[in-house]
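Asks: next one to model:
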Amino acid sequence: MPSFDISSEVDKVALKNAIDTTDKQITNRYDFKGTAAKVEFTEKDNIITIYGDNDFQLDQIKDILLPAMEKKEPDSTKRLEHKDVQKMGGNKVKQELKIKAGIDAELAKRITKLIKDSGLKVQASIQGEEVRVNGAKRDFLQEAIAFCKKNVTDFPLQFGNFRD
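Replies: Here you go, the predicted structure:
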């Protein structure tokens, strides 16, 4: 029986590339000279930390970072969870952007419910951080992919592991 998996994985190479590009732009910009403006990426925790002198500077850094991320990987900014701005020593501030990887239980339930309610001739089941979709024919699976792309726009999804 043909099947495929719906998942959401972070392209770490593209993410690091976008962060490096942002860091270069920050060091080259005149208005950031002599400030605490910088971007750090903690790979094991999947957290991007932005440092600046004030909230306005954090917003300027995000205005550089988010388009760079979108350019490298479309819809990648939808997986960011913006934490609160924290005050540090002196007048410095920082903000953490948590990168969500995988499909959480709530989104997986929503996807399976959407597929079941759609009337498509496929079955969806939750497999950890992925959703597996089975169908009798390849055409039904392609319809399910198109349906999911159209209806789930708030989180980036990948469709892979296609088997006949």
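Asks: from here on, just use CA atoms for contacts and neighbour counts.
Replies: Noted.
Asks: can you pull the contacts of Val122?
Replies: 115-116, 133-136, 140-141, 144 (C-alpha atoms under 8 Å, 6 or more residues apart in numbering).
Asks: same question, Glu40
Replies: Applying C-alpha under 8 Å, 6+ apart as the definition, the contact partners of Glu40 turn out to be 19, 48-50.
Asks: so for this protein, the centremost residue is which one?
Replies: Computing the C-alpha centroid of the chain and ranking residues by C-alpha atoms, centre = their mean puts Arg79 first, at 2.8 Å.
Asks: what about it, distance to Gly89?
Replies: According to C-alpha to C-alpha, to the nearest Å, Arg79 and Gly89 sit 30 Å apart.
Asks: repeat that for Ile61.
Replies: Shown here: Ile61 relative to Gly89, a distance of 20 Å by C-alpha to C-alpha.
Asks: more neighbours: which of these two?
Replies: Applying other C-alpha atoms under 10 Å to Ile61 and Gly89 shows that Ile61 carries more neighbours, namely 22 against 6.
Asks: so the more buried one sits against Asp53, correct?
Replies: No - taking contacts as C-alpha atoms under 8 Å, Ile61 lies outside contact range of Asp53: 11.1 Å.
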